[in-house]
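> please work out how this folds:
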Amino acid sequence: QVQLVESGGGLVQAGGSLRLSCAASGRAFSTYAMAWFRQAPGKERDFVARISWNGGSTNYADSVKGRFTISRDNAKNTVWLQMNGLKPEDTAVYYCARRIRNTSGFSPGEYDYWGQGTQVTVSS
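Numbering: from 1, shown residues only. You can find the predicted model right below:
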């Protein structure tokens, strides 16, 4: 069974930084692509960033490109999201997720395991 546990969220002023972590349990973590999504109140869950199984390929939503960085360490079964230059519009619950094989990986429906989420609040 796969479990994903996010941490690192919190309250930060605009322009600040946070580093989110996603610790994975279960086998074969290193063979799956992973991603971060976020969901603001009353809105749909949106793609933020994804990373290939070996970390060699990453993709970002246009809204976070140049500010956020996704990374992973397969030896530690962990994925991170470094968030710099935070804006109030980045306020949301952030989720990590494991991608279903052979999918493009931009839609929530293409992910089979999710963490419980961690709240990020950016004040202006």
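> and the spatially most central residue of the chain, what does it touch?
Nearest to the geometric centre of the chain sits W36, at 2.1 Å (C-alpha atoms, centre = their mean). In this structure, W36 makes contact with 20, 22, 48-50, 70, 79, 81, 94-97, judged by C-beta atoms under 8 Å, 6 or more residues apart in numbering. C-beta coordinates here come from the backbone N, C-alpha and C atoms, glycine included.
> once you drop chain neighbours, what's closest to it?
Nearest in space to W36, with sequence neighbours left out and distances taken as C-beta to C-beta, 6 or more residues apart in numbering, is V48 at 4.3 Å.
> just checking, that neighbour touches T58?
No: judged on C-beta atoms under 8 Å, V48 makes no contact with T58 at a distance of 11.2 Å.
> out of the two, which sits in the busier spot?
Each of V48 and T58 has its neighbours counted (other C-beta atoms under 10 Å); V48 has more, 24 against 16.
> can you pull the pLDDT of the more buried one?
What the model reports as pLDDT for V48 is 98.
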